[in-house]
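A.B. asks: Dropping the sequence and predicted coords here.
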Amino acid sequence: MDALLRTAQSILKEPELKESLEFHRHVEELQAFRRSLEKQFRESLRFYPRTELFQQLESQLDQEFERFRGGGRRLESYLASSQPEDLTLGCERVHQAILELNTLSGKLRAQEEAWRQEYGTGLGGELKFFVTQTIQGRIPYQQCAQILDRSLEASRQMEQAIGKARPENDQVSEMLDVCTVALASLIRALQRASQSLRMQHSWEIEERLSDLLEAAESLTTAHTQLMAALYPPVSCPRCGAEQPGDRPVCASCSARLPLPANSQLPPPPTPEARARFQAFAELDGKLDQWSNGKLEAAALVSWIDQFRQRLLQGKRQMQADNQLDKRLKEAILEATEASEAAMASLKRAVTENLELDEVLEQVRAAEEKMDQARQLDLDHSTPNS
């Protein structure tokens, strides 16, 4: 979003930069992001507990997605017509929609954390919620019976999965045995409660649902103990709060949590595995195509020129930014100048058919400077760092 807005501001001042800055790609990526986000939201509706806050926010979320779609349509219209009004309104609508969606999702995340604290995690927590809602008269008996039938199928699948598990150590093996016993009790309670709800045996429904609540609580406790055995709790390095070991970030301050010693989660990426800048990754692809005869030298030179124009435009914007941290600004400008010089050398080497070894070393050094500037930016933007 930030990249799109910066590019749009540049194009409003200099419309001729529209093609060289590849604004169409920003719009395509934005539209793909919106479709993915909305699909994820729609799918979550099937599983998310229907709390009052969610019901209140659902219409607002729908409105913001519609605003997002409308802004995207305006940007696509600008690509076809080049009308500045479409560009301005499209950016405004998309930007506002993203800000509002972020605010609404923050409220939902806070609610989800409170919900977990009240009902617990996993299947046991879900069941406790639905059974409690049924007891309070908010969910009809027949609907609850359908929910319990789906939960029964999920429980049986979970039972089969546990039976195939290979425990890492004796503690995990012991906790799996506890989960197996709790799950068997839950399956029996689900069967009895579902039957009573369907038969409308009011004299035993309350008792069956109470038994189911007790079984769900036992499963939640067993699941918590199993997760603690698999992923021991860790202390947040920033605020000191103890957090479950399977969480990537602290629920209190959002700091990244260290991985437990015996965690099965993937370790943080090494510097070599760090995500690369898209332009440098694309450059590697273009060079491969050119060296294999699949891309004309003229086409490669044209792509290098476009890359250099983006670098020059970014450099002008950076020089005019008086709000940026001085050290960060110097690092970004240095990396940009190194990249610009590397692209000039590469263009000359391709045009004059020179050896590329030294030039490619210059390109890699420029990318490394870019990566260092990005890391400095991340460090600078991290709260309390």
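C.D. replies: Received the coordinates, thanks.
A.B. asks: Quick check: buried residues in stretch 214-225?
C.D. replies: By 16 or more other C-beta atoms under 10 Å, the buried positions in stretch 214-225 come out as 215-220, 222-225. All C-beta atoms are positioned from the backbone trio N, CA, C, and that covers glycine.
A.B. asks: which non-adjacent residue is nearest V27?
C.D. replies: L75 (4.7 Å; C-beta to C-beta, 6 or more residues apart in numbering).
A.B. asks: pLDDT averaged over stretch 137-149 - what is it?
C.D. replies: For stretch 137-149, mean pLDDT rounds to 88.
A.B. asks: now that stretch, how far from the chain's geometric center?
C.D. replies: 33 Å (C-alpha atoms, centre = their mean, to the nearest Å).
A.B. asks: Would you mind listing the buried residues in that stretch?
C.D. replies: Buried residues in stretch 137-149 (16+ other C-beta under 10 Å): 139, 141, 144-145, 147-148.
A.B. asks: List just the nearest of these to K315.
C.D. replies: For the buried residues of stretch 137-149, the residue nearest K315 by C-beta to C-beta is I147; the value is 58.5 Å.
A.B. asks: Okay, helices next: where are they in the stretch 201-350 of the chain?
C.D. replies: Secondary structure of the stretch 201-350 of the chain, counting by DSSP state H, counting those that start in this stretch: helices at 202-230, 278-291, 297-320, 326-351.
A.B. asks: who wins for proximity to C236 among the ones you listed?
C.D. replies: Of all the helices of the stretch 201-350 of the chain, it is helix 202-230 that lies closest to C236, at 16.7 Å by C-beta to C-beta.
A.B. asks: Who are the packing partners of the closest one?
C.D. replies: If contacts are counted by 3 or more C-beta pairs under 8 Å, 6 or more residues apart in numbering; DSSP states H and E, helix 202-230 sits against helix 122-135, helix 170-199.
A.B. asks: And the first one, what does it pack against?
C.D. replies: Helix 122-135 sits against helix 84-119, helix 141-164, helix 170-199, helix 202-230, with contacts defined as 3+ C-beta pairs under 8 Å, 6+ apart.
A.B. asks: so which of those helices gets nearest D305?
C.D. replies: When the helices and strands packed on helix 122-135 are compared by C-beta to C-beta, helix 84-119 sits nearest D305, at 23.7 Å.
A.B. asks: got the angle between the closest one and helix 202-230?
C.D. replies: 100 degrees (axes from the mean of the first three to the mean of the last three C-alpha atoms, to 10 degrees).
A.B. asks: same question for helix 84-119, mean pLDDT?
C.D. replies: 85.
A.B. asks: One more: stretch 291-306?
C.D. replies: Stretch 291-306 comes out at a mean pLDDT of 83.
A.B. asks: Which residues does it contact?
C.D. replies: For stretch 291-306, contacts defined as C-beta atoms under 8 Å, 6 or more residues apart in numbering pick out 20, 22, 282-283, 286-287, 289-290, 343, 346-347, 350-351.
A.B. asks: Serialize those to CSV and add fields for neighbour count.
C.D. replies: Formatted as CSV, the contacts of stretch 291-306 follow (neighbours: other C-beta atoms under 10 Å):
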residue, neighbour count
S20, 18
E22, 16
E282, 13
L283, 22
K286, 17
L287, 18
Q289, 14
W290, 17
M343, 24
L346, 24
K347, 19
V350, 19
T351, 13
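A.B. asks: now, the most widely separated pair of those?
C.D. replies: With distances taken as C-beta to C-beta, the most widely separated pair in the contacts of stretch 291-306 is E22 and T351, at 22.2 Å.
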